[in-house]
Structures are given as C-alpha cells and as structure tokens.
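*Asks:* Just a sequence and a predicted model for now, questions to come.
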Amino acid sequence: MRAKIQGIGFVLGILLITLTASACKSPVPLLFERWQYPVDEYYIGTGIVTDKNKGQALQTAKMRAITDLATQIQTTISSTRTASLSDDGIQQATSFEELIKETLHQEFDNVMYIEETYTPKYEQTTYAVIKRSDWEAQKVRKILREKEKAESILSARYPEMSSVLEIQILNKAISSLQATLWGTLVEGLFDDKAGFILPLIQARRDILSSRVLHSTLYYINEGVSASSKTRAREIADRAFKDAQLEKICKEYEYLRVRLAAAMNAETLREKIEAYVGYIIQQNPNLLEYLDEPEASGSDHKVYLVVRKSLWDELTAKEVDSLYQEVRALEEQYQEDDSVMGKLQVLDTMRQLLDSSFLGLSVENMVFPYEQASVDSIPLRREQLIASVNLMLILPKAVKEGESFTLRMEVRNSQALKTNIPIKCTLTDPKGHQILSEIVNLRPDKPYSYTYTPPEGDKNDSFQADCFWTQYPQRRAEACIEITKKTIKEKFMNWWNGLGSK
C-alpha cells in the first residue's frame, strides 16, 4: 500500500514539473496589436530581420519598417500624380520612394516605432506607424510652402525676356520643386494650364530649349565633362572662342591681303584672339549657359549660348568707334593745305588703323575696293611725295679761280604749302664735302650758297646734291666744271694786276 502511494506521488511530481516547464515556455505577448491601428486611419510599415547581433537587428528592422511605410505612402501618392512622372517610370518611382524615406526620417517627429521582443531565434520585428491625418496635415502645409517658393522664383519672368534667361529661371524652379517630396506634389496653374506644376514647368523648359538649340539666332557651343559642370563650361567657352577666332580670321584675312596690310597672318590671328578674349571679359553677361534638359549617364553637359545679334552689335560698335576717329582724320586731311600737314594726318591715320585688326574693316569702308586704284593711304602718300619738286640751279662751268653760286628751290605740283627739310651738299671729285647743310626750304624762300675755290685749287669739277631728308627719293643734282685758263688769260690777269697797283 505504501509502495503504491509512493508511486503515485512520483508520477504527480513529474506532472507538476512538466506543467511548470510548459508554463515557462508560453509565448511572450505581442506589443503591436493591429486592431488598434485600422488601415483607414494609419499607414503601417513592417520590418522583420534575423540577425544574431541584437543591436544590428534592431537597427535594420527599424529601417525596413520605415522603407515599407514609405512604399505604402508612395503607392498612395503615385496613384494621384501619375501625370508628374517622367517616361522613365521605374527610375522615377525609385527616386520618389527614396525621397519619401528621407522625408519621413528628417521631417516627421510623430512616426511611431513599435519593436517586438527580440526572440531566441534571433528574430526582430519592428513596426513604423503614422496617422493618415498627421501625414495629410503636414503634406498640405509643406506643399503650400514649396508652391510659394516656386511661385517666387517664377515671378522673375517677364514677356520680353530672352528664352535663355527664362530657361534658367525655369531650371531654378524645377530644382527647387525636385529638392523635396512636397515640391513634386504641388498642383495649380502654370501659364494658364492646370495640373502638377513640376511637369508643366518641365514641358515649357523643354520647348524653349529645343527652340534655342535649333535656332539660327544663337551661337551654340557644347561642353561635356565627366568631372564637373564647371569643367564642361570651360570646354564650351573654349569651343566658342575657337569658333569665333576662325570665323573672324577668315573674314579679315581677305581684307589683309587686299589692302596689302603690314601685319602678317600670324599677327592678325594674335590680335583677333586677344580681341575675342577682351570682348568676353568686358561683357560677362554675354555668355549664357544651359544645362542639358535631360542629362543622362555620369557626364555633365552644358550648352553655351550667345545671341548673334548681341555679339555682332558689340563688334559693330568697336568698328564704328574706330571709323568715327578715322573719319575725323579724313576731314582734317581734306582741310589741310600743306604737304607736311597732310603727311602727318596720313601717319596718324595709319597708326590708328594698325592699332586694331578692325582697322582693316574701317580702311575698307573709308577706301572701298572700287576706289583703291585712285585713293588709298599708300597712293595718297606717293602722290604727296611726288608733288614735291626740287630744283638745283648751278652754272654749267666757270673759269678756275672764279666763284660760283648754287641755288635750291622747291615747287609743288598740287599747289600745296611746302616747307620741308632739305639737305644740300657740295663735293669735289675726291669726295671731300665742301658743303653739308640742312635747311627748311619753301617756295618763297630759296636757298643760295656761293663758293670760291682757293688759289691753286686743282679740282676740275664739283658735284652739288640736295634731297628731302624724310623722303630721299625726292632729290636734285647738278655738276659744275672748272675750266682751266689759257696762258694768254693768265698773262692778262697778271698784267691787269700790275696795272691796278
């Protein structure tokens, strides 16, 4: 009997231990109760992770929960804004989802995280919960904020503005709207069209870009760089400068050859290159830049746009300014009635025209091609120099011992006042200069010099020369012979000398 009782007690003890152990292994109650968060009032994201590292599991589960929450919100929003998506739907959706995740992390303080207990099987479950009403309230407020920012940027547009400037403003507005989730959700009117603002602005921008890039009204140069947008701009700048250099060189090389300019082709090119750089430096707003509307890949593409009329107008102003200076000199030339005065004006005109390669264009305007054979700076100079006529008056011969006088005179075939420096020399047959003098000669003031050969001079002739010191090609020369006296002439001179005593 006692043995039976002991057996029953042993069995009861085993049962008690089993029940106790079973009670210890009962599941831990869940912290998230879905019934408390109806789907029509909440967005709920779930993140489940298996990881032996508890800390890592908690962090990863939280991230997955917010990602799942973002996906649900993105799906809801996308269903109401398909019009604002680009053709690349997959890429746009992915970017949009990332934007929502970033927004939830940074701007929503009332996203509630519910973390279930980390299980012995290394499993972590976390829920991210947000009230739909909270989301909607913040969405309305922040969408309005982004709308006001975009409208402020767009208010800079005006009817007469250039297409390039408007594109820049539109790009600025697009960047502002794309910078946040809320900007992509802005709706309203844009240029009398209703809908999501972002795609409406993009459509306007693309139309204008196409017009500009295919227009004949602009110089368009492209710059592409894998490193940066700044480098792409530098490449576009260089392309524009090179294109203008070649264009202007081609035009002015023809004038250089036709006008027989003193500058060579290399000098002309250097002057044009310096001019292009100067114009750009002095007019920085002349260059406008457009980013490629739909950039693809990792390259940065920039278009440099220069309105042809503005560029040509700047060049025309430079030419006109130089032309007015030359015209003033031309009037001075016509009014001046002296050889030296006219030559001085021509020298000043030449220096002015040579100061810039644009002088070739101005010279072609002042002295057109059809008049080049009868009127040009070189021809005028030649005619002025040729109008000066020097005369050297000297007896053909004198007897030895007798004095003689040389006389210089100047005349002008164009009846111009002439007062020029003349060098006069008198030389014996051995090259010894008896006279070397520079005098200013004019028609009403001739120059005379009298020379008496010394007693016993054996020279049988003398050479007289005179020339214009600045233009030696205008000269005159004469020779006088010294004839020997006969014995009779010498005796009579001796006899007359005795008689005079």
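*Replies:* Perfect, I can see it now.
*Asks:* Can you pull the domain assignment for this structure?
*Replies:* The record's domain parsing of the chain by automatic domain parsing lists 34-81+92-136, 152-256+285-306, 389-500.
*Asks:* Could you check those domains and tell me which one is nearest V276?
*Replies:* Closest approach to V276 among those (CB to CB): domain 152-256+285-306, 5.1 Å. All C-beta atoms are positioned from the backbone trio N, CA, C, and that covers glycine.
*Asks:* what is the mean pLDDT for that closest one?
*Replies:* For domain 152-256+285-306, the mean pLDDT works out to 88.
*Asks:* Distance across that domain, terminal residue to terminal residue?
*Replies:* 27 Å (CA to CA, to the nearest Å).
*Asks:* do stretch 412-424 as well
*Replies:* 19 Å.
*Asks:* re the thing from before, using CSV, lay out the domains of the chain together with distance to R145 and mean neighbour count.
*Replies:* Shown next, in CSV, are the domains of the chain (distance: least, CB to CB, whole Å; neighbours: other CB atoms under 10 Å):
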stretch, distance to R145, mean neighbour count
domain 34-81+92-136, 11, 16
domain 152-256+285-306, 7, 16
domain 389-500, 81, 14
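*Asks:* my read: Y219 touches V306, true?
*Replies:* Yes: Y219 lies in contact with V306 (CB atoms under 8 Å); the separation is 4.4 Å.
*Asks:* Need the overlap of contacts for these two.
*Replies:* Common contact partners of Y219 and V306 (CB atoms under 8 Å, 6 or more residues apart in numbering): F240.
*Asks:* any idea which element the residue nearest the centre of the chain lies in?
*Replies:* Residue closest to the average C-alpha location in the chain (CA atoms, centre = their mean): I280, at 4.2 Å. Following DSSP states H and E, one finds I280 within helix 265-282.
*Asks:* Show me what the helix or strand following that helix is packed up against.
*Replies:* Once the chain leaves helix 265-282, the next helix or strand it forms, by DSSP H and E, is strand 288-291. For strand 288-291, the packing partners by 3 or more CB pairs under 8 Å, 6 or more residues apart in numbering; DSSP states H and E come out as helix 163-178, helix 197-213, helix 229-258, strand 300-307.
*Asks:* neighbouring strands for the last one, and are they parallel or not?
*Replies:* Using DSSP bridges, the strands paired with strand 300-307 in its sheet are strand 218-225 (antiparallel), strand 288-291 (antiparallel).
*Asks:* thinking again about what came up before, any chance of the domains of the chain in TSV, plus distance to E270?
*Replies:* Listed next are the domains of the chain as TSV, based on distance: least, CB to CB, whole Å:
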stretch	distance to E270
domain 34-81+92-136	51
domain 152-256+285-306	10
domain 389-500	31
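*Asks:* Quick one: closest of these to G359.
*Replies:* domain 152-256+285-306 (9.5 Å).
*Asks:* quick revisit: among the strands paired with strand 300-307, which comes closest to T126?
*Replies:* strand 288-291 (41.7 Å).
*Asks:* show me where pLDDT drops low in the stretch 251-400 of the chain?
*Replies:* Scanning the stretch 251-400 of the chain for pLDDT under 70 picks out the ranges 293-297, 369-374.
*Asks:* still on that earlier bit, can you tell me which of the strands paired with strand 300-307 comes nearest to E409?
*Replies:* When these are compared by CB to CB, strand 218-225 sits nearest E409, at 63.3 Å.
*Asks:* got the CA positions of that closest one in CSV?
*Replies:* Only the C-alpha atoms of strand 218-225 are listed here, as CSV (Å, rounded to 0.1, in the frame of the first residue of the first chain):
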residue,chain,number,x,y,z
TYR,A,218,22.4,82.0,-81.5
TYR,A,219,25.9,80.8,-81.5
ILE,A,220,25.7,77.4,-79.7
ASN,A,221,28.7,75.5,-78.3
GLU,A,222,28.6,72.3,-76.3
GLY,A,223,30.8,71.3,-73.4
VAL,A,224,30.9,67.8,-72.0
SER,A,225,32.9,66.7,-69.0
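*Asks:* so that strand versus helix 197-213, what angle?
*Replies:* Relative orientation of strand 218-225 versus helix 197-213 (axes from the mean of the first three to the mean of the last three CA atoms, to 10 degrees): 110 degrees.
*Asks:* any idea how far strand 218-225 is from the chain center?
*Replies:* Distance of strand 218-225 from the chain centroid (CA atoms, centre = their mean, to the nearest Å) equals 12 Å.
*Asks:* cool, and stretch 449-469?
*Replies:* Here stretch 449-469 is found 69 Å from its chain centre; the criterion is CA atoms, centre = their mean.
*Asks:* Outside of it itself, list whatever touches it.
*Replies:* 385, 388, 390, 392, 394, 400-406, 408, 420-430, 434-435, 437-438, 473-482, 484.
*Asks:* How is T425 assigned, secondary-structure-wise?
*Replies:* strand (DSSP: H, G, I helix; E, B strand; the rest coil).
*Asks:* just checking, it touches H432?
*Replies:* No: the criterion here is CB under 8 Å, and T425 misses it with H432 at 10.8 Å.
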